[in-house]
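> got a predicted structure plus its sequence, pasted below:
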Amino acid sequence: MEIRELKEDELDSAVLPCVDPGFRRTLKQGMTLRKEFVKKMMRMGLSILVALEDGVKKEKMDYPGIGKVRTKDLSLKGKIIAGLIEYVPIEKTNFPVEGKNLAFIDCIWVIPPFWRKKVATNLTKNFFEKTHEQNFSGAAVIAYKKESWWGFFDYMPSWFFQKFGFRQVEGNGNSILMFKNYKDAQLPKLILYQPKSTTEPKKKSERTKAELFWSGQCPYSWWVKKLTEKEFGKTSNIELNLVNTDDRTTVKKFGINFGLTMNGKILYNRMPSWDEVKDALESAKYV
C-alpha cells in the first residue's frame, strides 16, 4: 500500500473513491461540486492523503452493498484508490468547531472492498506523521457514537479514534468532538446549533419549517438535496430551506454543516440519507 498526498491537479483522485461505479452518472454534478469544493479548500490548507493499491489481479471485486464491480472502474492510472483522509487547519474547516493550530480531520473514507484491511489505520498513522512535520499543536475530529449511517455502516466511529489517543472534549447528541494533544494545544470547542425558527409546537395554521444542511464536500449530500427540493420544494404546508454549508461563515451562523432540522429541532446532526429525509418530511405533510 502506497500513501501519498494529492496535488491540486489530481482532483479526480479526490472524487473517485467517494461514489460507487454504478452511481457515478447519477451523481455527476455532485462529483463536479466536490472537485470545486476540494480545489477551493486546498487553497485554504486542505490536505488529502490517499491509500493506493496495485497488484489486484481479479477482473471483478466484491463491493459490499453493491455486488461485483469491475476492478478497472475502481482504478485510476493503474492504481486503486482504497481510501482517503482529509484534514484542514481547524480555523478554516466548514465543520461547526473552533480551535487554534489543530489539524482537523473532516473525512476518512475507505471504499467497501477494502474495509477491515487496515487502510484507515495506515492513513491515520501517516496523518500523524504529516501533521507533526507541519507543526500543528494537535488534532481534532467530529466522530460519531453508536450511529449507523444510512442504516448499514459506521462512519468515523469514536472508538476508532480512541485507539489513537483521541479523547472526547464535547458531545452534541451522537456527534462527539475529539482531540489529541501534540504539544501545548488548546482544547477545541463545538459551535452549537442556532435555530432560526421557533422550537414551540406549531399551530395547525402554521407551516412546518424544515432545514436541510448540505455541502459540496460530499456528492451524496448534493443528491439528497436535489431529491428533497424536487419532492418537497413546493409542498404547501412545509417551508423548506436548503442551506449550503461550503462557507465557514454559514456554518458559524447555524452551528451545523450536515443535517436536518424541523421547527428548530435537530432530527439528524449528520448527513441524512434520502430515505431518512423523505420519511421525516412525509410525516410533516400530514401534521
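Happy to help now that I have it. Residues are numbered from 1 along each chain as shown.

> quick check: domain ranges of this protein?
Using automatic domain parsing, the domain parsing of the chain gives 2-190, 208-285.

> now these as JSON lines including mean neighbour count?
Yep, even glycine has a C-beta here, placed from its N, CA and C like the rest. Listed next are the domains of the chain as JSON lines, based on neighbours: other Cβ atoms under 10 Å:
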{"stretch": "domain 2-190", "mean neighbour count": "17"}
{"stretch": "domain 208-285", "mean neighbour count": "19"}
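
> same list (these) but as CSV, adding mean pLDDT.
Below are the domains of the chain laid out as CSV (pLDDT from 0 to 100):
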stretch, mean pLDDT
domain 2-190, 93
domain 208-285, 94
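
> ranges for the strands of the stretch 151-287 of the chain?
153-154, 167-172, 175-181, 189-190, 208-214, 238-244, 259-262, 265-268 (DSSP state E, counting those that start in this stretch).

> ok, residues contacting the fifth one?
It refers to strand 208-214. 196-197, 202, 221-222, 224-225, 228, 232, 237-245, 254, 256-264, 271-272, 277, 280-281, 284, 287 (Cβ atoms under 8 Å, 6 or more residues apart in numbering).

> can you rerun that using 6 Å?
Here strand 208-214 makes contact (Cβ atoms under 6 Å, 6 or more residues apart in numbering) with 197, 221, 225, 228, 238-243, 245, 256, 258-263, 284.

> now do the fourth one
By Cβ under 6 Å, 6+ apart, the list of residues contacting strand 189-190 from outside reads V97, E98, E170, N172, L177.

> and the two most separated of those residues?
Farthest pair in the contacts of strand 189-190 (Cβ to Cβ) is E98 and N172. Separation: 13.5 Å.

> now the strands for the stretch 1-150 of the chain?
Counting by DSSP E, counting those that start in this stretch, the strands of the stretch 1-150 of the chain are 2-5, 47-53, 60-63, 67-70, 75-76, 79-89, 97-98, 102-110, 138-144, 148-149.

> could I get the ones you listed as TSV with distance to K183?
Shown next, in TSV, are the strands of the stretch 1-150 of the chain (distance: least, Cβ to Cβ, whole Å):
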stretch	distance to K183
strand 2-5	22
strand 47-53	20
strand 60-63	41
strand 67-70	44
strand 75-76	37
strand 79-89	16
strand 97-98	20
strand 102-110	11
strand 138-144	8
strand 148-149	33
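
> identify whichever of the ones you listed lies nearest to G30.
That would be strand 102-110 among the strands of the stretch 1-150 of the chain, by Cβ to Cβ, at 14.8 Å.

> quick one, the closest one and strand 138-144 angle?
50 degrees (axes from the mean of the first three to the mean of the last three Cα atoms, to 10 degrees).
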